[in-house]
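[1] From the sequence below, what's the structure:
(chains A and B)
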Amino acid sequence: GENVEQHPSTLSVQEGDSAVIKCTYSDSASNYFPWYKQELGKRPQLIIDIRSNVGEKKDQRIAVTLNKTAKHFSLHITETQPEDSAVYFCAAKATDYKLSFGAGTTVTVRA
Amino acid sequence: GAVVSQHPSRVICKSGTSVKIECRSLDFQATTMFWYRQFPKKSLMLMATSNEGSKATYEQGVEKDKFLINHASLTLSTLTVTSAHPEDSSFYICSARGSSVGSNSPLHFGNGTRLTVT
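    Okay, the predicted model is just below:
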């Protein structure tokens, strides 16, 4: 099955700086890569996703890049704000429609 | 956007009792629902895939007789934790995918259920 690894596990950044989270996946057949943000005690919320026919996608301060050859994908948050503090999960979906999640990154934005 | 409702949000039960958790898709038909378990500060672990009108598919290591799943309609899936024990205490969260088979429709999550077994 799919194995998704996520780094780093924790990330502390100064407000206004950028945050980058990196994930790798094992199944070359995976074709959909969503990112979720989860605040304490709440449901994961989809923040951005990318499909395998696209190399990069941007939505305001959030961008995701995908390197299919290397089986890497990354989340970039620019101009971080305190409300960006949360746990972020990457995920990859293979042809069986199941999502495999990374272990999560706890992001703390320091004011 | 698509809404998934999960109930109850919190439940405390005594060891040996059973607990039912409901997951409803409110504004779309969900042919497939997924049940996850999340331990504190850990990732979401897929327990089973619930398919409307057929038996659920359980992940390796998940006891199907312990975690009963029923997906009787296109908008409702239930997870019953039978004969709960303290080690079953966890955050259970469902998610649903729309009925566009073959598409990469996003997963929408319920609010989760915090189960505490005393």
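
[2] which stretches of chain B form helices?
    When secondary structure is read from DSSP state H, chain B shows no helices.

[3] Can you list the low-confidence ranges for it?
    For chain B, the stretches with pLDDT under 70 are B:1, B:98-105.

[4] how far away is the residue nearest the centre of it from chain A?
    Among the residues of chain B, B:Trp35 comes closest to the average C-alpha position under C-alpha atoms, centre = their mean, at 3.4 Å. With distances defined as C-beta to the nearest C-beta, to the nearest Å, the gap from B:Trp35 to chain A amounts to 12 Å. All C-beta spots, glycine's among them, are computed from the backbone N, C-alpha and C.

[5] Hmm, that residue is touching B:Ile69, no?
    Yes - B:Trp35 is within contact range of B:Ile69, at 6.5 Å (criterion: C-beta atoms under 8 Å).

[6] Tell me the residues of chain A that contact chain B?
    Proximity of chain A to chain B is assessed by C-beta under 8 Å from any C-beta of the partner chain, with A:31-32, A:34, A:36, A:41-46, A:49, A:51, A:89, A:93, A:97-104, A:106 identified as the residues in range.

[7] list residues touching both of B:Trp35 and B:Ile69?
    Overlap of the contact sets of B:Trp35 and B:Ile69 (by C-beta atoms under 8 Å, 6 or more residues apart in numbering or on different chains) consists of B:Ala48, B:Ser50, B:Ser77, B:Leu79.

[8] closest to chain A among the residues you listed?
    Using C-beta to the nearest C-beta, B:Ala48 comes nearest to chain A of these, at 10.4 Å.

[9] Return the set of residues that bridge with the closest one.
    Each beta-bridge partner of B:Ala48 is listed here: B:Trp35, B:Tyr58, as defined by DSSP bridges.
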